[in-house]
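1. I would like the atomic coordinates for the input below:
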Amino acid sequence: MGIDFAQNPFAEELQRINTPNGILNLLQEREEAFIQYRNRNRTLINCFSPAVHILHIFSKKLGDAVSLVSFKTPFLFFIPM
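-> Next up, the predicted model:
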């Protein structure tokens with residue numbers, strides 16, 4: 001993805017913290033930031049949800065159809081003599 005985690009501000013901040021509570025607080029801050037980001041972009045998520053749902057149903061039906069084809073059926077080859 002081209003992300004250098006050594007240069008990531010979150011990684012730098014995580015390295016500076018040396019207590020379990022500090023790490024938990026940092027993760028909770030990131031969680032809150034993500035929730036705010038997600039809620040701002042809710043319309044985009046709502047637009048994609050029906051398409052993802054349809055693709056999920058289609059892939060399940062396709063998987064069911066493919067599973068009906070079995071390669072366990074023995075192939076009999078008759079060689080005339």
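2. Quick one: name whatever helix or strand follows the helix or strand containing Leu24.
-> Element membership for Leu24 (DSSP states H and E) is helix 20-40. Later in the chain than helix 20-40, the nearest helix or strand by DSSP H and E is helix 42-68.
3. by how many degrees do that following helix and helix 20-40 diverge?
-> 90 degrees (axes from the mean of the first three to the mean of the last three C-alpha atoms, to 10 degrees).
4. other SSEs contacting the helix holding Leu24?
-> Under the contact criterion of 3 or more C-beta pairs under 8 Å, 6 or more residues apart in numbering; DSSP states H and E, helix 20-40 touches helix 9-16. Placement of C-beta: from N, CA and C, glycine included.
5. Leu14 - how many residues pack around it?
-> Counted with other C-beta atoms under 10 Å, residues neighbouring Leu14 total 15.
6. Check the residue nearest the centre of the chain and give its pLDDT.
-> Nearest to the geometric centre of the chain sits Val52, at 12.4 Å (C-alpha atoms, centre = their mean). Looking at Val52, its pLDDT stands at 89.
7. Would you quantify the distance from it to Leu24?
-> Distance, Val52 to Leu24, using C-beta to C-beta, to the nearest Å: 32 Å.
8. What are the contacting residues of the helix holding Leu24?
-> Under the contact criterion C-beta atoms under 8 Å, 6 or more residues apart in numbering, helix 20-40 has outside partners 10, 13-14, 17, 45.
9. Low-confidence stretches in this structure?
-> 1, 68-81 (pLDDT under 70).
10. Mind doing that once more with 80?
-> Low-confidence segments of the chain, defined by pLDDT under 80: 1-7, 41, 44-45, 64-81.
11. what's near enough to touch Cys47?
-> Neighbours of Cys47 in contact, by C-beta under 8 Å, 6+ apart: none.
12. Report the two of the contacts of helix 20-40 separated the most.
-> Ile17 and Ile45 (31.3 Å; C-beta to C-beta).
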